[in-house]
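A.B. asks: Next come a sequence and a model predicted from it.
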Amino acid sequence: MDALKALEVRKSVRSYQQKPVEAGKLDTLLKAANNAPKAGEFHITVVLNPEMLSEINDKALAIMKSSGNEFLMQRAALPGYQPLYGAPVLLIFSAPDANHYSKANVSNAATCAIIAATAMDLGSCYVVTPTMPLNEDAALARKVGVPEGLKPMCGVLVGYQDGEKFATIRTMEDNINYY
């Protein structure tokens, strides 16, 4: 699939098959992410271990439920809701908190991984909630390999789509003007 088609058909997948992502496809995603435009360092942590994925998921869900944030609490209250949506891969993008460009750096890298996933017929979803337990629990962040001094800022879930559970229907926004 070419890049323009991948951009056109990309969507946030929120239900995954328990089928592993092939190592070659994962390598391609990581190369795409590392080729992103950037203004400073970032790091990608690849979480494949099912027990660790479950731990991050469960801790993120608990944080969402008690966050005081109306959106997060409503989402967490949905029947069957899980923050990692059963994805077999979580990419965690971390960068120095002090760099003003870090959020742009990690978001650019995440977007490149997402477009690469779409081009390879993989589902993906940009996520922030899995970073919450990693930012609250330094031992957990170290356990998965987030380097000291870097802050987890976003994540990307990757896997093979399994239905349309928790799907978001998007329409073309009226957010463009010409001068």
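C.D. replies: On my side now, so go ahead.

A.B. asks: which stretches of this protein form helices?
C.D. replies: 3-9, 23-34, 50-65, 70-76, 102-119, 131-136, 138-144 (DSSP state H).

A.B. asks: Can you give the contact residues for the last one?
C.D. replies: To tie it back to what came earlier, the one meant is helix 138-144. Thr45, Val47, Met52, Glu55, Ile56, Lys59, Ile92, Pro133, Leu134, Asn135, Glu148, Pro152 (CB atoms under 8 Å, 6 or more residues apart in numbering). Bear in mind the C-beta positions are built from the backbone N, C-alpha and C, glycine included.

A.B. asks: Show the pLDDT at the nearest residue to the second one once chain neighbours are set aside.
C.D. replies: Across the structure, with CB to CB, 6 or more residues apart in numbering as the measure, the residue nearest Val47 apart from its sequence neighbours is Leu90 (4.2 Å). Per-residue confidence for Leu90 comes out at a pLDDT of 98.

A.B. asks: Could you identify the buried members of the contacts of helix 138-144?
C.D. replies: Buried members of the contacts of helix 138-144, scored by 16 or more other CB atoms under 10 Å, are Thr45, Val47, Glu55, Ile56, Lys59, Ile92, Pro133, Leu134, Asn135, Pro152.

A.B. asks: Give me the neighbour count for Ala87.
C.D. replies: 31 (other CB atoms under 10 Å).

A.B. asks: my read: it touches Val158, true?
C.D. replies: Yes: the pair Ala87 / Val158 is scored as a contact, 6.3 Å apart, by CB atoms under 8 Å.
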